[in-house]
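Colleague: Have a look at this prediction, sequence included:
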There are 2 protein chains.
Amino acid sequence: MVAEQAALGPARERVLEAAERVVSEVGAARLTLDAVAHAAAVSKGGLLYHFPSKESLLIALAQRYVDSMQMCIEGAKGGLEGDPARELKACIVGILGDDPRTKAMGAALLAAASSDLTLLEVIRERIARYTAEVAASNADFARAAVVALAVDGLKMRESLRISSFTPEQRQDIVNALLKLADDAYR
Amino acid sequence: MVAEQAALGPARERVLEAAERVVSEVGAARLTLDAVAHAAAVSKGGLLYHFPSKESLLIALAQRYVDSMQMCIEGAKGGLEGDPARELKACIVGILGDDPRTKAMGAALLAAASSDLTLLEVIRERIARYTAEVAASNADFARAAVVALAVDGLKMRESLRISSFTPEQRQDIVNALLKLADDAYR
DNA sequence: GTTACCGTACCGTCCAGTCGGTACAGTCCC
DNA sequence: GGGACTGTACCGACTGGACGGTACGGTAAC
């Protein structure tokens, strides 16, 4: 039993991963505690032991995303101090890349938005911090902001599955964003 | 009573406006039929007479937004044929402007996303058509797409109230978008 | 009278959250 | 070492409320 648990990983983590799977597969409206519990192979009671309310689960989901984005930026820095263009570009590829964790996030954000708006605090704070950083840097603020906003827009469209770009078009767009990111820091 | 109705306008229109108010004030999760009926000063039965299901109400909401955007573009054309840059710019100011109808839309889209994904069809189709138009034009596709995506991103952030730009910053961004729109058609 | 429009009352379902349990691993005391 | 007790992790049936939708009755206009 102990070995089995070790193989499955700690329940809390399993629940979070299951929630991401559920939300990206069946949509935010069907993100029920029962569905998550089932996907995580945990009982509802067990789930609620780790997350005392649905809201706390959603907050954890949002936090998880912000953390992964942060990690992605830190990774791009790679010791090099003060290369903000590179950071921005790392954001672009990180957010629009294939990492399943970030992929599920757009949907999770929607889930959060559907519920009480207060739990968007995590994301709001992250955005505010980033905005302040860019404003304080030597960047062309408007241009850097446009890039970030376009990334958000594309992410949203793809999360909602309303995007209609061909793979080639999408690649062109990403390239254009990378170029704009460079332009913003010059 | 009849006079009062006439003053308030037809019930169907009142319901749609009330739905936009509700969704933008309390969020998509609390967009209930009861809340909309109450806000529109109509009974639930009256509401369901005009919109036989909640989904039909949401679809009408989405349609309303698409129509208003379309009208905004038509208005910008103003007889001048074939000035796509001007159309794109009209979109920007239209979508990001102060018109209360378009302002509520981001939230409505979120509402739609929370429910069955099929009812995003209206919006998906509109985006596909626009994408095709741009691709067929003489525009720098990637650039034009970036502008549209950035508009979406800003719209989304503001709908979710997670935007943190100062009015001056926001104005700079809009100006940058207008400039980019010009650049895309050259 | 028939149609359009709107109201009241009610029903069924879904779902978050509760609650009384179980299993088990310490650990403190005698 | 063995009983009593405590804390952690988890289970699953149940409940209470919210909400979409139905049934049906009334009324004004044509």
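Modeller: Structure received.
Colleague: Spell out which parts of chain A neighbour DNA strand D.
Modeller: With CB under 7 Å from any atom of the strand as the criterion, chain A meets DNA strand D at residues A:5, A:11-12, A:42-46, A:48-50. In this view, the C-beta of every residue, glycine as well, is placed from N, C-alpha and C.
Colleague: ok, and the most crowded of the residues you listed?
Modeller: When neighbours are counted by other CB atoms under 10 Å in any protein chain shown, A:Val42 leads those with 20 neighbours.
Colleague: Tell me where the model's unsure across chain A.
Modeller: Flagging of chain A using pLDDT under 70 yields the residue ranges A:1-9, A:76-82, A:100-118.
Colleague: what does stretch A:84-95 rub up against?
Modeller: A:69, A:72-73, A:75-77, A:80, A:102, A:133-134, A:137, A:139, A:144, A:147-148, A:151, A:155, A:174, A:177-178, A:181-182, A:184-185 (CB atoms under 8 Å, 6 or more residues apart in numbering or on different chains).
Colleague: just checking, A:Ile173 touches B:Val147?
Modeller: No - in this structure, A:Ile173 is not within contact of B:Val147 by CB atoms under 8 Å, at 10.8 Å.
Colleague: quick check, distance from stretch A:120-131 to the centre of its chain.
Modeller: Computed by CA atoms, centre = their mean, to the nearest Å, the chain-centroid distance of stretch A:120-131 equals 12 Å.
Colleague: does chain B sit close to it?
Modeller: Yes - judged by CB under 8 Å from any CB of the partner chain, stretch A:120-131 comes into contact with chain B through A:120, A:123-124, A:127-128, A:131.
Colleague: What is the nearest of these to DNA strand D?
Modeller: Comparing those against DNA strand D with CB to the nearest atom of the strand places A:Leu120 closest, at 18.9 Å.
Colleague: distance of the closest one from DNA strand C?
Modeller: 17 Å (CB to the nearest atom of the strand, to the nearest Å).
Colleague: tally of neighbours for that residue?
Modeller: Neighbour count of A:Leu120, defined by other CB under 10 Å: 21.
Colleague: That one: what secondary structure?
Modeller: helix (DSSP: H, G, I helix; E, B strand; the rest coil).
Colleague: and what of the one 5 residues further on?
Modeller: In three-state terms, and counting by three-state DSSP, A:Glu125 is helix.
Colleague: Can you give me the distance of it to DNA strand D?
Modeller: Distance from A:Glu125 to DNA strand D, by CB to the nearest atom of the strand: 27 Å.
Colleague: just A:Asp152 next, same as before
Modeller: The value you get for A:Asp152 to DNA strand D, if CB to the nearest atom of the strand is used, is 28 Å.
Colleague: and what of A:Leu58?
Modeller: In terms of CB to the nearest atom of the strand, A:Leu58 sits 17 Å off from DNA strand D.
Colleague: Could you do A:Val147 as well?
Modeller: 38 Å.
Colleague: buried subset of the contacts of stretch A:84-95?
Modeller: Listed as buried from those are A:69, A:72-73, A:76, A:102, A:134, A:137, A:139, A:144, A:147-148, A:151, A:155, A:174, A:177-178, A:181, A:184-185; burial here means 16 or more other CB atoms under 10 Å in any protein chain shown.
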